[in-house]
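Visitor: return atomic coordinates for the entry below.
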Amino acid sequence: MRDWRAAAFLVGLGLAAGGAVAQQAAPAPGPTLPILARFPLTGAGGDPQTAIAQARTSDQVSLTIGGSIQSSLGPYGDPFGARAFLAERGITYTITYIGEGLANLRGGLKRGVTYGGRLDTSLDVDLDKLAGWTGAKLHTDFFQIHGHGMSRSYVDNLTTVSGIEALPATRLFELWLEQNLFDNTLSIKVGQVSADTEFAIAQSAVVFFNAGFGWPNIGAVVLPSGGPIYPLATPAVRVKYVPDERLSVQAAILDGDPAGRRRGDDTDPQRLNRTGTSFRVADPPLLIGEVAYAYTLDLWGESLHGTATLGGWQHFGDFDSPRLDSVSGRLLADPESSGIARRFRGDRGVYGIIDQTLYREPGTEDEGASAFLRMSKVPGDRNLIDLYVDGGLAYKGVLPGRPNDTVALGVIYSRIGPAARAFDRDTILFGQGTGPIRSSEVVIEATYQAEVLPGFTLQPDLQFVLRPGGGLADDAGHRLKNATVMGLRATINY
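Guide: Alright, predicted model coming up:
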């Protein structure tokens, strides 16, 4: 196993050495030069923003939230000047609270109402300012998660209704040290890292509630313990290199299981790693790499930015077949089988993203429309889902006088893999069940984020979940009915 981990680490460093992180396209000459090109904003994942409709707030920790309520509190915004005092010495902190009420109006497991919340306290230390350590930065954040999950209790779908849904806990999330070298062209990050803070991000998608629009849900379903993503991060090494302003390449090697082997009946990964301090390093590793290219298109007489991203991952652990027996070669649904699934060595996946600004409101910096399309594919012989596609449109500043409001419409498609579908047919053939045969799950989401004050947003949301769980059966053996979920979220950032 150590040989695999060492090989993966070397491959990760090799991939990372070939590219860059900046995703801003070169500005177009002449009077059509976009304001965004001259004054780049921070996009999701810390890269320059190429999607004009990126939301002001988000449940995704990959996004630098726009605005703070400090500016609205006057002299009470920084009691005793402590925040300014610390900032001058390179120490900054952010406190974000997300609270949301959700109601399943019909379908799924049952109707019901939930409330959930997440308090995120993050700390960043510029070690150059604080201690003279040039190019070094320390980051950590903690979550206090409370409430009940809509998907877990009421809908039973593949793509979790809310991106903050998790078991109640107070836990450490990320804790890492980053060193920038060679005039900030090379960046090395070491520590506890979550893959969904930098990889596979669509900037136009960060406004949505559904967790699938954050990390492509195919990874959350097929990787051990859901993978090193919210709310479970793992020890990792991530490397980025910046050769020019258009090309981006990054790679990371992470511990491949943030919770580890199950013990007894307590099989929930979040219970096995209750505080986020397991710091596991002995599990089969996960290697992930990503290449992005920023470009400019001439649309409707204006130069508009977009980003194309191609990524892939390799997990070096063992994965169960959804259909085949490992001992006798029989089908798992056969009553005479051992019930022990065939084991596959390793798993892998690829993904691609297009994130494109479509229209800019005249004379504005970041108002207009953006669209995104993201696809991910994994082998169908060892995974519940083998194909994931999402896409959508977002428009920032659609209403006069509301420049920081964002409206969006998105769709998620998750296809059940051929081996899992075949297992459903096998259970019917051997009289172990009556169906239905799972096929796919589709989520349609419409949302509107309104900025009440800088750092304070309200967001109504509507989701339709078609074939929850891909077409799971209820206690009577009938397919779960399509679910309709409404919600309202409040986000406060300080």
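Visitor: number of nearby residues for the residue lying closest to Thr134 once chain neighbours are set aside?
Guide: Nearest residue to Thr134, sequence neighbours excluded (CB to CB, 6 or more residues apart in numbering): Asp128, at 5.3 Å. Using the backbone N, CA and C atoms, a C-beta is placed for each residue, glycine as well. Neighbourhood size, Asp128 [other CB atoms under 10 Å]: 14.
Visitor: now do the SS call for Asp128.
Guide: Taken by DSSP: H, G, I helix; E, B strand; the rest coil, the conformation at Asp128 corresponds to helix.
Visitor: which residues touch it?
Guide: 90, 134-136 (CB atoms under 8 Å, 6 or more residues apart in numbering).
Visitor: can I get those in a markdown table including pLDDT, secondary structure and distance to Asp120?
Guide: Listed next are the contacts of Asp128 as a markdown table, based on pLDDT from 0 to 100; DSSP: H, G, I helix; E, B strand; the rest coil; distance: CB to CB, whole Å:
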| residue | pLDDT | secondary structure | distance to Asp120 |
| --- | --- | --- | --- |
| Gly90 | 96 | coil | 21 |
| Thr134 | 96 | coil | 29 |
| Gly135 | 95 | coil | 26 |
| Ala136 | 97 | strand | 23 |
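Visitor: now which of the residues you listed would you call buried?
Guide: Neighbour-count burial (16 or more other CB atoms under 10 Å) applied to these gives 90, 135-136.
Visitor: from the residues you listed, which single one is nearest Val239?
Guide: Nearest to Val239 among the buried ones among the contacts of Asp128 is Gly135, at 14.3 Å by CB to CB.
Visitor: need the pLDDT of the residue nearest to that closest one when sequence neighbours are not counted.
Guide: Nearest residue to Gly135 in three dimensions, chain neighbours excluded: Asn180, at 3.9 Å (CB to CB, 6+ apart). Model confidence at Asn180, expressed as pLDDT, equals 95.
Visitor: any stretches of the protein with poor pLDDT?
Guide: Scanning the chain with the threshold set as pLDDT under 70 gives 1-42, 261-266.
Visitor: and the helices in it?
Guide: In the chain, the helices defined using DSSP state H lie at 2-16, 35-38, 82-88, 127-131, 150, 217-222, 269-272, 418-429.
Visitor: dump the longest strand seen in the chain to CSV, restricted to CA.
Guide: Taking DSSP state E as the criterion, the chain has its longest strand at strand 302-325. Presented in CSV, the C-alpha positions along strand 302-325 are these (Å, rounded to 0.1, in the frame of the first residue of the first chain):
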residue,chain,number,x,y,z
GLU,A,302,-18.7,42.3,-26.5
SER,A,303,-15.7,40.3,-25.2
LEU,A,304,-17.1,37.8,-22.6
HIS,A,305,-15.0,35.5,-20.4
GLY,A,306,-15.4,31.7,-20.0
THR,A,307,-13.5,28.8,-18.5
ALA,A,308,-13.2,25.3,-19.8
THR,A,309,-12.1,22.7,-17.2
LEU,A,310,-11.0,19.0,-17.6
GLY,A,311,-10.3,16.9,-14.5
GLY,A,312,-9.9,13.4,-13.3
TRP,A,313,-9.4,11.3,-10.2
GLN,A,314,-8.0,7.9,-9.3
HIS,A,315,-8.8,6.1,-6.0
PHE,A,316,-6.5,3.2,-5.1
GLY,A,317,-8.8,1.3,-2.7
ASP,A,318,-11.1,-1.6,-3.2
PHE,A,319,-14.7,-1.2,-4.5
ASP,A,320,-17.6,-3.7,-4.3
SER,A,321,-19.6,-4.9,-7.4
PRO,A,322,-23.3,-4.0,-7.1
ARG,A,323,-24.1,-7.3,-8.8
LEU,A,324,-21.5,-10.0,-8.7
ASP,A,325,-20.5,-12.6,-6.0
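Visitor: flag every buried residue along it.
Guide: Residues of strand 302-325 classed as buried: 302-307, 309, 311-317, 319, 321-325 (neighbour count, 16+ other CB under 10 Å).
Visitor: go on, stretch 404-413?
Guide: Buried residues in stretch 404-413, defined by neighbour count with 16+ other CB under 10 Å: 404-408, 410, 412-413.
Visitor: now, which of those lie within strands?
Guide: Using DSSP E, the buried residues of stretch 404-413 in strands are 406-408, 410, 412-413.
Visitor: which one of the residues you listed is nearest Gly66?
Guide: For these, the minimum distance to Gly66 (CB to CB) is 10.5 Å, reached by Thr406.
Visitor: which residues touch that closest one?
Guide: Applying CB under 8 Å, 6+ apart, one finds that Thr406 lies in contact with 53, 55-56, 207, 394-396, 448-449.
Visitor: before we move on, what about Val291?
Guide: 19, 247-249, 309-311.
Visitor: which residues does it bridge with?
Guide: Val249, Leu310 (DSSP bridges).
Visitor: separation between it and Thr96?
Guide: Per CB to CB, to the nearest Å, Val291 is found 31 Å from Thr96.
Visitor: cool, Thr114 as well?
Guide: From Thr114 over to Thr96 (counting by CB to CB), the distance is 20 Å.
Visitor: picking up where we left off before, closest to Arg382 out of the contacts of Asp128?
Guide: Among the contacts of Asp128, and counting by CB to CB, the member closest to Arg382 is Ala136, at 41.0 Å.
Visitor: next, the contact list for the closest one, please.
Guide: By CB under 8 Å, 6+ apart, the contact list for Ala136 reads 127-128, 177-180.
Visitor: among these, the buried ones, what's the PyMOL command?
Guide: Restricted to buried positions by 16+ other CB under 10 Å, the PyMOL selection for these reads:
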select buried, resi 127+177+178+180
